[in-house]
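**Q** for reference, the sequence and a predicted model appear below.
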Amino acid sequence: MLWQWIVPICYFISSVFYCSFLWTKNQKAYVWGSHAIRLGVIFQSITLVRILYDRQPIAGGLDSSLELFSWFIALVYVVLQTKFKTEVIGAFVAPLALVMSLPSVIVPKGIIEQDPSLENPWILIHIMLVFLGEALFTVAFIAGSLYIVQERRIKSKQLGSFIKKLPSLTTLDNINHICLLIGFPLLTLGLALGLLSAKIIWGALWNWGQKETWSLITWFLYAILIHGRLASGWKGKKAAIGAVLGFCIIVFSFFVIGYLAPGRHDFLGR
């Protein structure tokens, strides 16, 4: 039980240090926050490997799905941080990873019935590819939101200490671009693999369930965004708004449809 709490504790410590850096000028707070989130990713990686080794479903319910999603989000941030040095984004990623990792240690084990199909390795790869793509879109959402806030403050000439700590508009737009450029192929491959796995396991490629339909809507939205980026030269605020809208659809599909829509992708074990 103590081992399970190590990851949330690491993300909590990281959140405290990152938020401290956000509201103060203490550079050491950023350094310690960065170390803590890296430790969280390492310990969470070990936890997920143990789950796979024990042949347990890695995303069998809302609790385990959120834990896997939190790992991908933190991992994406850690990798991007080495390139862009965007410490302020950590003040949003670390608390998000903390909140998403808590259900796996709070929700009693066995309270959610596991779907036997989740033991299929192709389903696991499908889930991980989709989650990785959506984790990249989550970081794009954070970068896009900060872009919109910063641009608005610059235009109104309201430059406070918070705005001065943000990465430049160009950097935030580049993060958005890279996350979209990498995330979209991963999402596409994950959904395609899900279709093929559904044909093998359930005998049908598509059954027009609500979760499948909203996944298709999400894919079309990001397809429009990447087409706009590459073919029409969408940049800046337009791309940032697209990243925010796409993330809102992901959240709606993950939580609302995951609970309210009965089917193969719900979290209620029906």
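**A** That came in fine, so what should we check first?

**Q** tell me the buried residues in stretch 133-151?
**A** Neighbour-count burial for stretch 133-151, counted by 16 or more other C-beta atoms under 10 Å, picks out 133-148, 150. Glycine gets a C-beta too; all of them are placed from N, C-alpha and C.

**Q** for the residue lying farthest from the centre of the chain, phi and psi?
**A** Distance to the chain centre peaks in the chain at K157, reaching 32.4 Å (criterion: C-alpha atoms, centre = their mean). With angles defined as degrees, to the nearest 10, K157 sits at phi 60, psi 40.

**Q** ok, K25 next?
**A** phi -110, psi 20.

**Q** okay, now the nearest residue to it once chain neighbours are set aside: neighbour count?
**A** Ranked by C-beta to C-beta, 6 or more residues apart in numbering and with sequence neighbours excluded, the top spatial neighbour of K25 is S161, at 8.0 Å. S161 sits with 10 neighbouring residues when counted by other C-beta atoms under 10 Å.

**Q** quick one: pLDDT of S161?
**A** Listed pLDDT for S161 reads 70.

**Q** could you measure from it over to P167?
**A** According to C-beta to C-beta, to the nearest Å, S161 and P167 sit 15 Å apart.

**Q** work out which residue lies at the spatial centre of this protein.
**A** Nearest residue to the geometric centre of the chain (C-alpha atoms, centre = their mean): A135, 2.6 Å.

**Q** can you pull the contacts of that one?
**A** By C-beta atoms under 8 Å, 6 or more residues apart in numbering, the contact list for A135 reads F69, F72, I73, L75, V76, G183.

**Q** for the last one, which three-state class applies?
**A** In this case it means G183. Classification of G183 using DSSP: H, G, I helix; E, B strand; the rest coil returns helix.

**Q** show me how the protein divides into domains.
**A** Domains of the chain are assigned by automatic domain parsing as 1-114, 122-270.

**Q** specify the local secondary structure of Q158.
**A** Q158 - assigned by three-state DSSP - is coil.

**Q** could I get the phi/psi values of it?
**A** phi -110, psi 80.

**Q** and the gap between it and R152?
**A** Counting by C-beta to C-beta, the gap from Q158 to R152 is 8 Å.

**Q** neighbour-wise, which of the two wins?
**A** Neighbour count, other C-beta under 10 Å: between Q158 and R152, R152 has more, with 12 against 9.

**Q** show the average pLDDT along the helix or strand hosting the more buried one.
**A** Taking DSSP states H and E as the definition, R152 sits inside helix 121-155. The average pLDDT within helix 121-155 is 90.
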